[in-house]
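Asks: Structure of the sequence below:
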Amino acid sequence: MSARAWAANGLLALAAGALTLGAGELALRATVRRPRVPMHVVCDCPYLYGLNPRRPGISAEGLRDRLFAIPKPAGTYRVLVLGDSIAYGVGVEPSETFAKVLERRLDQRGRRVEVINGGVLGYTAYNELEYYLARGRDFQPDAVVVAFCMNDVVDPELHWSGTRREVPDVPPDAIPDPVYHATHVARLLGPRLPLLGRRSEVLRRLALLRDPRRDPSWRTRLYASVGGRTWPTYITGEDDLGIQVLTDGDSPQWRWLRAMYGRLRSAVEADHARLVVLIVPLAYQLEDGYPFRPQDEFQRYCRRQRLTCVDLLGAFRAHRGEGLFPPAQGDWADIWHPTAAG
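Replies: Next up is the predicted model:
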């Protein structure tokens, strides 16, 4: 067979392989159930994605809230709430999110107050910073409240993978721990392709076959033994990153978080507003004797920076008998949001 024939056959084989993979990709994507109008839209914007204004309940400004006048009306005190699903208010009606409960309570004191719910599912400190710089400051808030959840320091690519929040290229500044990302997260998600990133369903399914989370031993990484008792330490369902990283002020996650909040505070104060950090505990932290307390490191950080921080652990423990964090969604948020607003 001539060299030309070999080359032609090789090209045919490559084309056939590409068509087969393409057909497989399309077939697998067809099996993935997605909402007709997705909750999120990836954008060519520094904050990477936001809520979809075409989604019922989402305003034209991309908020789970009503429209707000820009510029701010004279005599109005305005608060902007930033955060993830906790701030967004999964499980409650828009009017019962803690932003709206807070708005009603403050407005009753004889002053015109508006509290804007800027929560977006899956947001981290990086998204919140970039959203404020690009859009949030346009609302001219007098105060910015950031609802920090412990899973805000997990690797975002792992957190967003397989969802409509997935972006082809996650900026380096959005990754709390680059070493952990390279050695751990990439192994879980599989290879990255040009243009597609890790959004290929074929490669995603192949990566699942070697996913260490399928191994029964994976569960042992999610707990730690202290004082003769086994305690949960995982801070997100898709990873084994432990809450211990937030008890160490020198961890990569804390260094990243300080950098994000430092930049956010500078921007907020440059706009003559005040930054407040709301520290939200994990459900298992409500147990008496739980040994890991990132809240202590937060308090040290807040004292050093003279930053206003509100630790919700005590208030949540006082309400734990009321089903604040039950295993199922249920009505947990009906208690959570008034408690946080209080």
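Asks: hey, where'd the strands end up in the stretch 151-300 of the chain?
Replies: 223-226, 229-232, 274-280 (DSSP state E, counting those that start in this stretch).
Asks: looking at these, which is closest to V81?
Replies: strand 274-280 (8.5 Å; Cβ to Cβ). C-betas here are computed from N, CA, C, even on glycine.
Asks: how much distance is there from the closest one to the middle of the chain?
Replies: Between the centre of strand 274-280 and the centre of its chain there are 16 Å (Cα atoms, centre = their mean, to the nearest Å).
Asks: do the same with stretch 57-65
Replies: In terms of Cα atoms, centre = their mean, the centre of stretch 57-65 is set 18 Å apart from its chain centre.
Asks: returning to what we had before: need the strands of the stretch 151-300 of the chain in JSON lines (columns: mean pLDDT).
Replies: Shown next, in JSON lines, are the strands of the stretch 151-300 of the chain (pLDDT from 0 to 100):
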{"stretch": "strand 223-226", "mean pLDDT": "95"}
{"stretch": "strand 229-232", "mean pLDDT": "95"}
{"stretch": "strand 274-280", "mean pLDDT": "96"}
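Asks: low-scoring pLDDT stretches of the stretch 151-300 of the chain, where are they?
Replies: The stretch 151-300 of the chain contains residues with pLDDT under 70 at 161-166, 190-211.
Asks: all helices in it, in order from the N-terminus.
Replies: Taking DSSP state H, counting those that start in this stretch as the criterion, the stretch 151-300 of the chain carries its helices at 156-160, 178-180, 186-189, 201-209, 252-270, 294-305.
Asks: how close does V179 get to D84?
Replies: Note on V179: its distance to D84, by Cβ to Cβ, to the nearest Å, is 24 Å.
Asks: These two - which one has more neighbours?
Replies: Higher neighbour count among V179 and D84: D84, with 23 against 9, using other Cβ atoms under 10 Å.
Asks: Let me have the strands of the stretch 151-300 of the chain in CSV, adding mean neighbour count and distance to C45 as columns.
Replies: Shown next, in CSV, are these (neighbours: other Cβ atoms under 10 Å; distance: least, Cβ to Cβ, whole Å):
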stretch, mean neighbour count, distance to C45
strand 223-226, 13, 39
strand 229-232, 14, 36
strand 274-280, 20, 22
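Asks: and of these, who's closest to P46?
Replies: strand 274-280 (18.9 Å).
Asks: coming back round to it: return the most buried member of the helices of the stretch 151-300 of the chain.
Replies: Among the helices of the stretch 151-300 of the chain, helix 156-160 has the highest mean neighbour count (mean count of other Cβ atoms under 10 Å), at a mean of 22.
Asks: what's that one packed up against?
Replies: Here helix 156-160 touches helix 186-189, going by 3 or more Cβ pairs under 8 Å, 6 or more residues apart in numbering; DSSP states H and E.
Asks: one step back: got TSV for the strands of the stretch 151-300 of the chain, with distance to L257 too?
Replies: Shown next, in TSV, are the strands of the stretch 151-300 of the chain (distance: least, Cβ to Cβ, whole Å):
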stretch	distance to L257
strand 223-226	22
strand 229-232	21
strand 274-280	10
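Asks: Out of those strands, flag the one nearest A318.
Replies: The nearest among the strands of the stretch 151-300 of the chain, by Cβ to Cβ, is strand 274-280 at 15.0 Å.
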